[in-house]
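**Q** Sequence isn't available, so here's the structure alone:
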């Protein structure tokens with residue numbers, strides 16, 4: 001049974017137009033079988049492999065693990081809020097945006113409870 005990590009790996013691989021062999025090569029893995037096992041949820045990639053995937057997929061680790069639905073900081077800048085035309089991020093650096101993303105995710109969790 002696929003878990004969120006497996007689903008996200010497959011989704012991002014397909015978004016980039018890569019097959020399992022190509023992704024395995026980019027990750028310096030000897031076999032594409034590992035990618036298949038990751039996607040199926042039969043095996044969990046090491047932390048190093050997860051970080052390499054984040055670089056390849058241009059996404060945050062929180063997104064890859066399913067802790068956030070926002071792929072990356074650039075996507076966060078396009079989040080639309082109810083009474084505005086978007087998020088004004090002018091003057092905010094990467095760390096500020098990451099903190100803002102954490103706050104948004106925290107608020108979403110509170111709303112679900």
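**A** In hand now; what should we look at? Please read all numbers here as calculations on a predicted model, not as lab measurements.
**Q** what helices or strands is the lowest-mean-pLDDT helix or strand in the chain leaning on?
**A** Scoring the helices and strands of the chain by mean pLDDT, DSSP states H and E places helix 73-76 at the bottom, with a mean of 72. Identification of packing neighbours for helix 73-76 by 3 or more Cβ pairs under 8 Å, 6 or more residues apart in numbering; DSSP states H and E yields helix 94-112. C-beta: built from backbone N, CA, C; applies to glycine.
**Q** Could you give the average pLDDT over the helix it packs on?
**A** Per-residue pLDDT over helix 94-112 has a mean of 80.
**Q** Repeat that for stretch 56-65.
**A** Taken as a whole, stretch 56-65 carries a mean pLDDT of 93.
**Q** next one: stretch 30-41
**A** Rounded mean pLDDT across stretch 30-41 is 93.
**Q** Next, report how far it is displaced from the centre of its chain.
**A** 18 Å (Cα atoms, centre = their mean, to the nearest Å).
**Q** Show me what counts as buried in it.
**A** Neighbour counts using 16 or more other Cβ atoms under 10 Å place 32, 34, 35, 38, 39 of stretch 30-41 among the buried residues.
**Q** Tell me how the chain divides into domains.
**A** Domain segmentation of the chain under automatic domain parsing yields 4-65, 73-112.
**Q** And the shortest one, end to end?
**A** Pointing back at domain 73-112 there. End-to-end span of domain 73-112 (Cα to Cα, to the nearest Å): 23 Å.
**Q** Distance from the chain centre to that domain, please.
**A** Centroid separation between domain 73-112 and its chain, computed with Cα atoms, centre = their mean, is 16 Å.
**Q** burial of residue 73, as a residue count?
**A** Neighbour count for residue 73, taken as other Cβ atoms under 10 Å: 19.
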